[in-house]
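1. here's my sequence, what's the structure:
(one chain, ligands or ions: 1)
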Amino acid sequence: MTMDPAITALLGDLEARWADEQAEQASLSRADAYAKVDDYLLPVGPETGRFMNDLIRALRPSVVVEIGSSYGYSTLWLAEAARAVGAEIVSFEIHAGKIAAAKSMLASVDLDSTVRFVEGDALASLDTFDGPIGFALIDLWKDLYIPCFDRIADRLTQGAIVIADNMTFPPENAANAAAYRARIRADARFESVLLPIGAGIEVTRRLP
Ligand SMILES: C[S@@+](CC[C@H](N)C(=O)[O-])C[C@H]1O[C@@H](n2cnc3c(N)ncnc32)[C@H](O)[C@@H]1O
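-> Residues are numbered from 1 along each chain as shown. Below is the predicted model of the structure:
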């Protein structure tokens, strides 16, 4: 289905901002770039966004969970598909300013009512979150992937898909990514594959 041109244009604007941010990051020392990390989008990028959008359209989940909203780039891809299939998105983010910006951005294309943001530490929020979950994106700080997965694992519906970003890029995430993938693969309730899309995504399916 053709995407609303206003959403396509907004995605293009965010991708242009991402390109500018990547250029700035490359010009800064590692410490200076890290000091500005909360200013940056840190998005999943268009390939992963498109892939998740297609998956949601195919799977037609009732509830989509996003862990790590940032400024809402991935939320926009998820929300566009969620609205098409009548799903609700629950998006967890610790940074209040990012949530405010994401809400405003989504409202500009009438997608704000599709998303419920939960502000605060996702680990604490997920402890009190009731399932079931039909689709999830894990994309917060990389040492938190396993505790987040552990909190949602029992709430995933049969056939649910979990996407985990940054499995192959940036390289400093390698140890956390390997630990996450080992955790998933040791659990007989799931099957999982690493796909070379965007920054490398682990696609995990809850078996029936
Ligand atoms: C890589 S960014 C998310 C990018 C977003 N998914 C996108 O593609 O546009 C990671 C986000 O996780 C958030 N975060 C980090 N630790 C968190 C925590 N404990 N609870 C909730 N959010 C957290 C950060 O504030 C940051 O915005």
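
2. alpha carbons only for contacts and neighbour counts from here, please
-> Will do.

3. ok, and for the lengthiest helix in the chain, which residues are buried?
-> Secondary structure of the chain read by DSSP state H shows that its longest helix is helix 5-27. Using 16 or more other Cα atoms under 10 Å as the test for burial, helix 5-27 gives 7, 10, 11, 14, 15, 18, 21, 25.

4. mind putting those residues into CSV with distance to residue 207 and pLDDT?
-> Shown next, in CSV, are the buried residues of helix 5-27 (distance: Cα to Cα, whole Å; pLDDT from 0 to 100):
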residue, distance to residue 207, pLDDT
7, 34, 98
10, 36, 98
11, 33, 98
14, 35, 98
15, 35, 98
18, 36, 98
21, 39, 97
25, 40, 93
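
5. and the residues you listed, which two are the farthest apart?
-> Spanning the widest gap among these are 7 and 25, at 26.5 Å by Cα to Cα.

6. what residues are up against the residue nearest to the spatial centre of the chain?
-> The centre of the chain sits closest to residue 137, judged by Cα atoms, centre = their mean, with a distance of 4.0 Å. Neighbouring residues of residue 137 by Cα atoms under 8 Å, 6 or more residues apart in numbering: 65, 66, 67, 162, 163, 164, 165.

7. now do residue 132
-> 63, 155, 156, 157.

8. in what helix or strand does the residue nearest to residue 180 when sequence neighbours are not counted lie?
-> Excluding its sequence neighbours, the residue lying closest to residue 180 (Cα to Cα, 6 or more residues apart in numbering) is residue 146, at 5.7 Å. In the assignment (DSSP states H and E), residue 146 maps to helix 145-152.

9. hmm, that helix touching the ligand?
-> No - shown here: helix 145-152 not in contact with the ligand (Cα under 6 Å from any ligand atom), separated by at least 9.1 Å.

10. was I right about residue 206 contacting residue 155?
-> No - using Cα atoms under 8 Å, residue 206 makes no contact with residue 155, being 10.1 Å away.

11. the two: who's more crowded?
-> Ranked by neighbour count (other Cα atoms under 10 Å), residue 206 and residue 155 place residue 206 first, with 20 against 15.

12. now do the more buried one, the pLDDT please.
-> Per-residue pLDDT puts residue 206 at 98.

13. list the contacts for it?
-> 156, 157, 158, 159, 160, 161, 189, 190, 191.

14. swap in residue 103?
-> Neighbours of residue 103 in contact, by Cα under 8 Å, 6+ apart: 72, 112.

15. is it true that it lies in a strand?
-> No - Residue 103: not assigned to a strand; according to DSSP: H, G, I helix; E, B strand; the rest coil it is helix.

16. state the pLDDT value of it.
-> At residue 103, pLDDT is 98.

17. tally of neighbours for the closest residue to residue 121 other than its chain neighbours?
-> Closest residue in space to residue 121, ignoring its immediate chain neighbours: residue 94 at 5.2 Å, by Cα to Cα, 6+ apart. Residues lying near residue 94 (other Cα under 10 Å) number 18.

18. measure residue 94 to residue 143 for me?
-> 15 Å (Cα to Cα, to the nearest Å).

19. and for residue 54?
-> In terms of Cα to Cα, residue 54 sits 28 Å off from residue 143.

20. again with residue 184
-> From residue 184 to residue 143 the distance is 15 Å (Cα to Cα).
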